[in-house]
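Q: What follows is a predicted structure for the sequence shown.
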Amino acid sequence: MNRDGTNTDGTTAVMAGSTDVGAAADQDEPAMCFDRATLAYGDRVVWSELSMTVPQGEFLAVLGPNGSGKTSLLRALLGLAPLSSGTLDVLGRPPRRGNPAIGYVPQHAGFDRDVPLRGRDLVGLGVDGHRWGFGRLSPADRLRVETALDDVAARPYADEPIGRLSGGEQQRLRIAQALVGNPQLLLCDEPLASLDMRYQQEITELIGTWSRERHGTVVFVTHDVNPVLAYASRVVFVVNGRWAAGQPDDVLTTETMSGLYEAPVEVLRVRGRIVVVGEASGAGFDLDEPHHFPEPVASH
């Protein structure tokens, strides 16, 4: 196996123990470095001997079926899930809770319509999470909130009750909340869930543009890789303790995916979208489930 995570014949390494090292020579500390990292809950191994280095400024898409360990990877980066073995460095240091250099965007979940919280109040909580509301912020912090609102084009509805906003508008505000602290690393846990195609595109573009313009690193957990294909410079696919990491064109292939699922899988490119064709495998992943790799849909 080569040092860049490929086999000697140029194919992407698959299964536990493969390596993906891509830090550029002109970069400082990588955004994250997993070295033979294993995470287990009791007898259940979530992923085994994961080795992957992600340079700062990259957009990493984390893919895999439900229960495969995608969110657990975020929890490890946040210092909430200690490794069973191996090491993990985040921005040059071991992961720790409450790292101000990390922003977090949760899954979309609607607010109660009558919750007494404005959009800008939600963003203000990202400045200092133990304070409630916008009024106690200093002038400098208020400016940071206004800048974050502008960055996600949310100023027009910043004073509206957050429960009365659409799902896409609420998610824009969550992104502003994550960015108001000027993080170096942005973790996104299924931020497109329950959003329609229009808002999926808008949210992905917001995050991708932030990464490109600010040289910020993104870890983007998603079931469907297609909305992020234009932005993802690297992917890691995890399933049943196995994993593959590398550039999208190297990982999302028939050979690599069949090896991960230990079953025949066909990966096709159709009008710029990825389509997976195959029967349900014994790995716990039904390839026909539309929330993983949906069939192409017509543009409107």
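A: Cool, got the structure. Numbering: from 1, shown residues only.
Q: which residues of the stretch 201-300 of the chain score low on pLDDT?
A: Along the stretch 201-300 of the chain, the model assigns pLDDT under 70 to residues 278-300.
Q: residue ranges for the helices of it, please.
A: Listed in chain order, the helices found in the stretch 201-300 of the chain under DSSP state H, counting those that start in this stretch are 248-251, 254-261.
Q: Could you list the buried residues of the longest one?
A: Residues of helix 254-261 classed as buried: 256-261 (neighbour count, 16 or more other Cβ atoms under 10 Å). Glycine gets a C-beta too; all of them are placed from N, C-alpha and C.
Q: before we move on, what about the shortest one?
A: Neighbour-count burial for helix 248-251 flags 248, 250-251 (criterion: 16+ other Cβ under 10 Å).
Q: could you say what helices and strands it packs with?
A: Applying 3 or more Cβ pairs under 8 Å, 6 or more residues apart in numbering; DSSP states H and E, one finds that helix 248-251 makes contact with strand 234-239.
Q: contacting residues for Leu268?
A: By Cβ atoms under 8 Å, 6 or more residues apart in numbering, the contact list for Leu268 reads 274-277.
Q: got the residues you listed as CSV, with neighbour count and distance to Glu213 columns?
A: Converted to CSV, the contacts of Leu268 look like this (neighbours: other Cβ atoms under 10 Å; distance: Cβ to Cβ, whole Å):
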residue, neighbour count, distance to Glu213
Ile274, 17, 26
Val275, 15, 31
Val276, 20, 32
Val277, 14, 37
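Q: which ones are touching Ile102?
A: Contacts were defined as Cβ under 8 Å, 6+ apart; by that measure Ile102 touches 77-78, 90, 183-187.
Q: Now distance to Arg234 too, for the helices of the stretch 201-300 of the chain, in a markdown table please.
A: Rendered in a markdown table, the data for the helices of the stretch 201-300 of the chain read as follows (distance: least, Cβ to Cβ, whole Å):
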| stretch | distance to Arg234 |
| --- | --- |
| helix 248-251 | 8 |
| helix 254-261 | 14 |
